[in-house]
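In: 3D model of this:
(chains A and B, ligands or ions: 2)
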Amino acid sequence: MAQAPAAPPAKGRKKTEELPEHLKAYKNVWVFVELEHGRVHPVSWELLTEGRKLADALGVDLCGVVLGPKAEGTEKAVAEAFHYSANRVYVIEDPLLAEYRNEPYTKAMTDLVNKHKPEILMLGATTLGRDLAGAVATTLQTGLTADCTELAIDDDKSLAATRPTFGGSLLCTIMTRAARPQMTTVRPRVMAMGDPDRGRTGEVVREPLDMAEESIVTKVLDFIPDSDTNQAQLAYADIVVAGGMGLQRPENIRLVVDLAQVLGAEYGCSRPLVQKGWMTADRQIGQTGKTIRPRLYIACGISGAIQHRVGSEGADQILAINMDPNAPIFDFAHHGIVGDVLELLPALTEAFRKRLAVDRMAG
Amino acid sequence: MSQGPNMVVCIKQVPDSAQISVHPVTNTIMRQGVPTIINPYDLFALEAALKLRDQLGGKVTVLTMGPPMAASALRKALGHGADDAILLSDRFFAGADTLATSYALTAAINKIGAERPVDIVFTGKQTIDGDTAQVGPGIARRMGLNQLTYVSAIPSIDLEAGEISVHRRAEGGVQVLKTKLPCLITMLEATNELRRGSLPDVLRAERAEIKVWNAEAAGVEDLGKCGMKGSPTKVSKVFAPKPRAEKAKMITAEDGAPASVAAAAVETLLDADPRLLSVLTKQTTVA
Ligand SMILES: Cc1cc2nc3c(=O)[nH]c(=O)nc-3n(C[C@H](O)[C@H](O)[C@H](O)COP(=O)(O)OP(=O)(O)OC[C@H]3O[C@@H](n4cnc5c(N)ncnc54)[C@H](O)[C@@H]3O)c2cc1C
Ligand SMILES: Nc1ncnc2c1ncn2[C@@H]1O[C@H](COP(=O)(O)O)[C@@H](O)[C@H]1O
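Out: Ligands and ions are numbered 1, 2, ... in the order given. The predicted model follows:
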């Protein structure tokens, strides 16, 4: 994408923006189904849900792409892609695709695109999706718009991909009119996930990888799962409690953790806490951290800077606690408490504890 | 390779996004007076390169593509200890998207490598203005370098064997990867804070010559692949996000005591989302 749009460009389409004849055969909307260690990343289902709308708007098929080793998990991913409304799934099963590596995945994806010619290709903006998308787009010499928050079909049937720029202070809409496929990545939790239809099936198209292990330079020596290292799982948490500089001292993080524990929530923070070493980077919420979309987000002593806002405003319900009644967080929170987090956090923990105990006895 | 690795670090000068504002009427960015910084992620990349040089010797060249004013970012990098700096600047590069940016940077890196082959190219994980994380993979692909993204640590490097191993952040865990040099590494945030420059480096940086290469000097072969012309993506519209219509409803209590406010807050939240209680009681074991 254009990196620094200073001003909207001149109106009107130039000749160079017309689609060359040989690219007009590109058709259908594709979604990369991200499969790793036998599990599908939920962003894939979010993308299929969104892809369905685009495919319907264009009157074309929605297709999934599943890459992985011959295994139960791979077959399950194919079946589930149909449940999330794919009409067709392209599958490459090969032992070389067991662990993610750029080389075999890039070959698999570019081969599929060159043979079956999709007009739109969507990937999750995960570490895997971004690693792959950048390499595939460069190989295919096509346009790639990263971290889109809104996708739509334009009058001339091109994809209009909208994304935040300049740290969320602006949005821009980006078009790839003269190249195919039009590639995009979308962050987890940005698009809503539809309900699966377990009865649906569709067409499976299998292709070979045609690659030898000797030709792949990069080797995976080990994989250290996050479950071994206690990494935060913020993106898919139902409830998130986060603390900001209003906590004042590292020992007060305890107050956030206590509330999170009572709620069965995940906890996180604003960026300065990571910079100070009070919390680890995997817990940072915002533009340069995680995007969250919980049912409930409780922000404690966080001012609500734009970089924090873009990662958290998708929450269904936001409660903000801040001493300053004019803090920007109150511009996008649903409920607010003006007061001292150091007093209110323990009170809130206690109030929830009581309320839940009552409910448990009643139930 | 007794002389240590030859490294290039790609850095970008970006507006400090914390201080950007949007003109309420024209919807354009008000850039006047907005300070520029080195893209924060690129500082982690620079530090990673400097650390390797501490261990093994070698050379660190910082490279940026941008307008003439981007020279100040390079000078800053020299002050932190980089050996050499190159500014890639030409009107043909203006308006480049990631594909065109990686094309121009690749030409410059090849040119740097003509003197002595480049062993490692570093980039940041992503920029804060473009924010795409694509330029790194783009360069790797064009140059045929082994691509290592989201690297948090470089536990070993063997120049004799031409091998490197890294920790790469993956979904749900960390991959330990081994590959061959030359390679391209995109560095993850919070891996290593950039060192302060030493006094001699800071003084040297002030007087240092920044090499400026235009398209021709960088050996760019096809101007059609540069800048706006070489960019398949085009910005069709820029606009400010819609502000939320309502401000937060404030929760208060008559006596103002934290316990009363907290109790009111709990009821407010449960009322607003009737399903919340079931989520809570399902998740919570006796706390
Ligand atoms: C490139 C870039 C990327 C960034 N990315 C992110 C990101 O991903 N995530 C992120 O969070 N930030 C990010 N930031 C930083 C962001 O701009 C803000 O600086 C940061 O979010 C502020 O954190 P804070 O609200 O905790 O601290 P502050 O801005 O210091 O605010 C503290 C708040 O606490 C309140 N307070 C103080 N004491 C109390 C008390 N006792 N009780 C109640 N309230 C109290 C104050 O009124 C104030 O509102 C980024 C910045 C840049 C430049
Ligand atoms: N104009 C540029 N000059 C030098 N390096 C750049 C430039 N643009 C991007 N990069 C590098 O590529 C990385 C990823 O950028 P991006 O794809 O814009 O997120 C950055 O962290 C930089 O290291």
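
In: From B:Gly144, how far off is A:Tyr84?
Out: 36 Å (C-beta to C-beta, to the nearest Å). For every residue, glycine as well, the C-beta is placed using N, CA and C.

In: So between those two, which is more surrounded?
Out: Set side by side, A:Tyr84 and B:Gly144 show more neighbours around A:Tyr84, with 25 against 9, by other C-beta atoms under 10 Å in any protein chain shown.

In: What score does the more buried one have for pLDDT?
Out: As predicted, A:Tyr84 sits at a pLDDT of 98.

In: what's the answer for B:Tyr41, then?
Out: 89.

In: now do A:Ala7
Out: Per-residue pLDDT puts A:Ala7 at 41.

In: Grab the nearest non-local neighbour of whichever residue of the stretch 1-150 of chain A sits closest to chain B.
Out: Nearest residue of the stretch 1-150 of chain A to chain B (C-beta to the nearest C-beta) works out as A:Gly134 at 2.9 Å. Excluding the flanking residues, the one nearest A:Gly134 by C-beta to C-beta, 6 or more residues apart in numbering or on different chains is B:Pro137, at 2.9 Å.

In: What strand or helix carries the one you found?
Out: Element membership for B:Pro137, per DSSP states H and E: helix B:135-143.

In: Contacts for that helix next, please.
Out: Helix B:135-143 is contacted from outside by A:102, A:106, A:130-131, A:133-135, A:137-139, B:10, B:98-99, B:101-103, B:105-106, B:109-110, B:121, B:123-125, B:127, B:145-147, B:149, B:182-184, B:186, using C-beta atoms under 8 Å, 6 or more residues apart in numbering or on different chains.

In: do that helix and ligand 2 meet at all?
Out: Yes. Contact of helix B:135-143 with ligand 2 (C-beta under 6 Å from any ligand atom) involves B:135-136.

In: And for stretch A:130-148?
Out: No. Using C-beta under 6 Å from any ligand atom, stretch A:130-148 stays clear of ligand 2, with a minimum separation of 7.4 Å.

In: for that stretch, which positions count as buried?
Out: Buried residues in stretch A:130-148, defined by neighbour count with 16 or more other C-beta atoms under 10 Å in any protein chain shown: A:130-140, A:142-148.

In: just stretch B:245-258 next, same as before
Out: Buried-residue list, stretch B:245-258, by 16+ other C-beta under 10 Å: B:248, B:251, B:258.

In: Among these, which one sits closest to B:Pro274?
Out: B:Ile251 (18.0 Å; C-beta to C-beta).

In: So that closest one is in contact with B:Ala264, correct?
Out: Yes. Applying C-beta atoms under 8 Å, one finds B:Ile251 in contact with B:Ala264, separated by 5.3 Å.

In: all helices for the chain, in order.
Out: Assuming you mean chain A. A:43-58, A:72-83, A:102-116, A:127-140, A:253-263, A:271-275, A:306-312, A:329-332, A:341-362 (DSSP state H).

In: um, chain B though
Out: B:40-56, B:71-79, B:98-115, B:135-143, B:199-207, B:258-272, B:276-283.

In: Check the gap between A:Gln287 and A:Pro42 for me.
Out: 21 Å.

In: out of these two, which sits in the more crowded spot?
Out: A:Gln287 (22 against 15).

In: Excluding chain neighbours, what is closest to B:Arg91?
Out: The spatially closest residue to B:Arg91, leaving aside those adjacent along the chain, is B:Gly227, at 7.8 Å (C-beta to C-beta, 6+ apart).

In: which parts of the stretch 101-250 of chain A sit against ligand 2?
Out: Counting by C-beta under 6 Å from any ligand atom, no residue of the stretch 101-250 of chain A is near ligand 2.

In: got the residues of the stretch 101-250 of chain A near ligand 1?
Out: A:167, A:244-246.

In: Neighbour count for those - can I get that in JSON lines?
Out: Converted to JSON lines, those look like this (neighbours: other C-beta atoms under 10 Å in any protein chain shown):
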{"residue": "A:Gly167", "neighbour count": "23"}
{"residue": "A:Gly244", "neighbour count": "27"}
{"residue": "A:Met245", "neighbour count": "15"}
{"residue": "A:Gly246", "neighbour count": "21"}
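
In: Tell me the one of the residues you listed nearest chain B?
Out: When those are compared against chain B (criterion: C-beta to the nearest C-beta), the nearest one is A:Gly167, at 3.2 Å.

In: unless I'm mixing things up, that closest one is touching A:Gln307, no?
Out: Yes. Counting by C-beta under 8 Å, A:Gln307 is a contact partner of A:Gly167 at 5.3 Å.

In: sorry, back to before: next, give me the two most distant ones among the residues of the stretch 101-250 of chain A next to ligand 1.
Out: A:Gly167 and A:Gly246 (21.6 Å).

In: Contact residues of chain B facing ligand 2?
Out: B:10-12, B:39, B:41-42, B:45, B:63-66, B:98, B:101, B:105, B:123-124, B:126-127, B:130-136.

In: Not counting sequence-adjacent ones, nearest residue to the residue of the stretch 151-287 of chain B at minimum distance from ligand 2?
Out: Relative to ligand 2, the nearest point of the stretch 151-287 of chain B is B:Thr186 (6.7 Å; C-beta to the nearest ligand atom). Excluding its sequence neighbours, the residue lying closest to B:Thr186 (C-beta to C-beta, 6+ apart) is B:Gly136, at 4.0 Å.

In: Same question for A:Asp340.
Out: That would be A:Met323: by C-beta to C-beta, 6+ apart, it lies 5.9 Å from A:Asp340.

In: Tell me which residues touch the one you found, please.
Out: A:Met323 neighbours (C-beta under 8 Å, 6+ apart): A:246, A:301, A:338-341.

In: Just among these, which is most surrounded?
Out: A:Gly301 (29 neighbours).

In: That one and A:Gly244 touch, don't they?
Out: Yes. Contact criterion C-beta under 8 Å: A:Gly301 and A:Gly244 qualify, at 4.6 Å.

In: quick revisit: is it possible to export the contacts of A:Met323 to JSON lines including pLDDT?
Out: Converted to JSON lines, the contacts of A:Met323 look like this (pLDDT from 0 to 100):
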{"residue": "A:Gly246", "pLDDT": "98"}
{"residue": "A:Gly301", "pLDDT": "98"}
{"residue": "A:Val338", "pLDDT": "97"}
{"residue": "A:Gly339", "pLDDT": "97"}
{"residue": "A:Asp340", "pLDDT": "97"}
{"residue": "A:Val341", "pLDDT": "98"}
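
In: Show me those residues that map onto strands.
Out: A:Val338 (DSSP state E).

In: If we only consider the contacts of A:Met323, which is nearest to ligand 1?
Out: Distance to ligand 1, by C-beta to the nearest ligand atom, is smallest for A:Gly246 among the contacts of A:Met323, at 2.8 Å.

In: For the stretch 201-350 of chain A, give me the ranges with low pLDDT.
Out: A:229 (pLDDT under 70).

In: rerun that using 80 as the cut-off
Out: A:227-232, A:288 (pLDDT under 80).

In: and the residue of it nearest ligand 2?
Out: For the stretch 201-350 of chain A, C-beta to the nearest ligand atom, closest residue to ligand 2: A:Thr288, 11.4 Å.

In: One more: the stretch 151-300 of chain A?
Out: Closest point on the stretch 151-300 of chain A to ligand 2, by C-beta to the nearest ligand atom, is A:Thr165, at 10.7 Å.

In: neighbours of the closest residue to ligand 2 within the stretch 1-150 of chain B, just the number please.
Out: Closest to ligand 2 within the stretch 1-150 of chain B is B:Gly124: 2.6 Å, counting by C-beta to the nearest ligand atom. Counted by other C-beta under 10 Å, the residues lying close to B:Gly124 total 26.

In: okay, now the residue nearest to it when sequence neighbours are not counted: neighbour count?
Out: Leaving out its chain neighbours, the residue that sits closest to B:Gly124 by C-beta to C-beta, 6+ apart is B:Tyr41, at 3.0 Å. If you count neighbours by other C-beta under 10 Å, B:Tyr41 ends up with 26.

In: Verify the contact between A:Arg353 and A:Gln261 for me.
Out: No. Between A:Arg353 and A:Gln261 there is no contact under C-beta under 8 Å: 9.8 Å.
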